[in-house]
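J.: Sequence and computational prediction follow.
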Amino acid sequence: MAADTARGTDAPSSFRRRRLAGIGLIVASALAFGSMAVLARFVYADGVDTVSLLALRFAIAAACLVVILRLRGLRLPRGSTLVAAALLGGVGYAGQAVSFFTALTLAPAGLVALLLYL
């Protein structure tokens with residue numbers, strides 16, 4: 001902390017800002033995830049199918065990831081790390097998402113969420 005003071009930064013207030021930002025992001029994430037099933041019901045009522053909904057959802061997520069990577073000056077992983085990430089996302093999470101969103105067409109959102117966490 002003495003080194004931070006010597007450089008002219010206030011470490012405690014910086015820590016406080018980062019902590020508040022982290023809490024805000026956690027709350028935003030919880031609200032978004034909690035409303036996902038309800039919003040999917042509205043989309044399904046308009047005639048959108050599960051595959052189209054997930055394609056749009058993943059396209060938006062990919063665009064956000066690219067923007068974040070550009071802003072931070074980072075690159076996508078390469079080699080085996082990229083393959084592992086693609087398999088985890090493309091097979092693991094996509095399979096779970098298809099199951100979850102398909103279940104929303106068959107059962108109430110509360111029951112589907114409860115079964116997901118069971």
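T.: Yes, it's here.
J.: how deep is residue 38 tucked in, by neighbour count?
T.: 12 (other CB atoms under 10 Å). From N, CA and C alone the C-beta is placed, and that goes for glycine too.
J.: what residues are up against it?
T.: Residue 38 makes contact with residue 109, according to CB atoms under 8 Å, 6 or more residues apart in numbering.
J.: distance between the host helix or strand of it and the chain's centre?
T.: Secondary structure from DSSP states H and E places residue 38 in helix 11-45. How far helix 11-45 lies from its chain's middle: 9 Å, per CA atoms, centre = their mean, to the nearest Å.
J.: Send me the next helix-or-strand element following that helix as PDB with only the CA atoms.
T.: Sequence order places helix 50-72 as the next helix or strand after helix 11-45, per DSSP H and E. Output of helix 50-72 as PDB, limited to C-alpha atoms (Å, rounded to 0.1, in the frame of the first residue of the first chain):
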ATOM      1  CA  THR A  50     -35.500 -23.400 -29.800                       C
ATOM      2  CA  VAL A  51     -32.700 -23.600 -32.500                       C
ATOM      3  CA  SER A  52     -33.400 -20.000 -33.700                       C
ATOM      4  CA  LEU A  53     -33.500 -18.600 -30.200                       C
ATOM      5  CA  LEU A  54     -30.200 -20.300 -29.300                       C
ATOM      6  CA  ALA A  55     -28.600 -19.300 -32.500                       C
ATOM      7  CA  LEU A  56     -29.500 -15.600 -31.900                       C
ATOM      8  CA  ARG A  57     -28.400 -15.900 -28.200                       C
ATOM      9  CA  PHE A  58     -25.000 -17.400 -29.100                       C
ATOM     10  CA  ALA A  59     -24.500 -14.900 -31.900                       C
ATOM     11  CA  ILE A  60     -25.100 -12.000 -29.500                       C
ATOM     12  CA  ALA A  61     -22.800 -13.500 -27.000                       C
ATOM     13  CA  ALA A  62     -20.100 -14.100 -29.600                       C
ATOM     14  CA  ALA A  63     -20.300 -10.400 -30.700                       C
ATOM     15  CA  CYS A  64     -20.000  -9.300 -27.100                       C
ATOM     16  CA  LEU A  65     -17.000 -11.500 -26.600                       C
ATOM     17  CA  VAL A  66     -15.300 -10.100 -29.600                       C
ATOM     18  CA  VAL A  67     -15.900  -6.500 -28.500                       C
ATOM     19  CA  ILE A  68     -14.600  -7.300 -25.000                       C
ATOM     20  CA  LEU A  69     -11.500  -8.900 -26.500                       C
ATOM     21  CA  ARG A  70     -10.800  -5.900 -28.700                       C
ATOM     22  CA  LEU A  71     -11.300  -3.400 -25.900                       C
ATOM     23  CA  ARG A  72      -8.900  -5.300 -23.700                       C
END
